[in-house]
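Peer 1: Structure here, sequence nowhere to be found:
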């Protein structure tokens, strides 16, 4: 029992493992939308996240500068297109962020069982 | 950073789950051209003896054009779709590679050895199509998960 107590005393709360860049609501949604895809068009992400072009541009720029999202510009026919994708680092950062969220969500179950 | 309650954390996880699932349309965008490419490769392999009996050089040119076209299909489709399912290009590339090994091998085998019976050759042609068709089914039925 004392060993467990000692371990709990040194346990770092999962909130410290949350990624601050990803944690912002719009950025979290952008990264989540990209997590299931190889790549997605700018307009697809905009529609999925339900934000304006300017808001998405700004948040994507933040994610790009943090190395989480990769932005690729090109053309399909004569139309300019922008594709977004998660970098390898971004995918890992998002997985770590989700793991922290799962730990926080799970803490309530433990608390409930204690208070029951 | 503001502390997150377990309830909020669950909401975040739930939202992420919903957003990360690429649409059925996106899955079909990958699955359909993959299946078409596989079936086309199998059909052309089966039809090759007929074409070759008419004009062997024309059949060879036709085969080369088809291989190049199938190879170009991936980047074209990849750029055209709004969202590509995670792992699509890897799966397409791997199944395309398998089919492209079997496809010329069958034709070379048919040309150099004594002609196999129609059922045997037809079975081989199904094998040619199989990697891409199975990949297409997997693409269409498996949704992306976090």
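Peer 2: Received it, and whenever you're ready, just let me know what you need. As the structure is a computational prediction, the values presented were derived from the model and not from experiment.

Peer 1: Show me which residues of the longest helix along chain B are buried.
Peer 2: Criterion DSSP state H: the longest helix present in chain B is helix B:24-54. By neighbour count on 16 or more other Cβ atoms under 10 Å in any protein chain shown, the buried set for helix B:24-54 is B:26-31, B:33-35, B:37-42, B:44-46, B:48-49, B:52. Bear in mind the C-beta positions are built from the backbone N, C-alpha and C, glycine included.

Peer 1: now do stretch B:98-111
Peer 2: B:98-100, B:102-103, B:106-107, B:110.

Peer 1: cool, stretch A:62-78 as well?
Peer 2: By neighbour count on 16+ other Cβ under 10 Å, the buried set for stretch A:62-78 is A:62-63, A:66, A:68-70.

Peer 1: go on, stretch A:14-29?
Peer 2: The neighbour-count check on stretch A:14-29 (16+ other Cβ under 10 Å) flags A:14-15, A:18-19, A:21-24, A:26-29 as buried.

Peer 1: What distance separates the opening and closing residues of it?
Peer 2: Start-to-end span of stretch A:14-29 (Cα to Cα, to the nearest Å) is 20 Å.

Peer 1: so does that stretch get close to chain B?
Peer 2: Yes: remark: stretch A:14-29 sits within contact range of chain B at A:15, A:18, A:20, A:23, A:28-29, by Cβ under 8 Å from any Cβ of the partner chain.

Peer 1: Filter the residues you listed down to the ones in helices?
Peer 2: The helices, defined by DSSP H, take in A:20, A:23, A:28-29 from the residues of stretch A:14-29 next to chain B.

Peer 1: can you put those in JSON lines and add pLDDT?
Peer 2: Shown next, in JSON lines, are these (pLDDT from 0 to 100):
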{"residue": "A:20", "pLDDT": "91"}
{"residue": "A:23", "pLDDT": "90"}
{"residue": "A:28", "pLDDT": "94"}
{"residue": "A:29", "pLDDT": "93"}
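
Peer 1: hmm, back to that, of the buried residues of stretch A:62-78, which ones also sit close to chain B?
Peer 2: Within those, nothing lies near chain B by Cβ under 8 Å from any Cβ.

Peer 1: With secondary structure and pLDDT as new columns, can those residues be given to me in JSON lines?
Peer 2: Formatted as JSON lines, these follow (DSSP: H, G, I helix; E, B strand; the rest coil; pLDDT from 0 to 100):
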{"residue": "A:62", "secondary structure": "helix", "pLDDT": "97"}
{"residue": "A:63", "secondary structure": "helix", "pLDDT": "97"}
{"residue": "A:66", "secondary structure": "coil", "pLDDT": "96"}
{"residue": "A:68", "secondary structure": "coil", "pLDDT": "97"}
{"residue": "A:69", "secondary structure": "strand", "pLDDT": "97"}
{"residue": "A:70", "secondary structure": "strand", "pLDDT": "97"}
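
Peer 1: okay, residue 45: pLDDT?
Peer 2: You didn't say which chain, so I picked chain A. Reading off the confidence values, residue A:45 has pLDDT 93.

Peer 1: that answer is for a different chain, and I need it for chain B
Peer 2: As predicted, residue B:45 sits at a pLDDT of 85.
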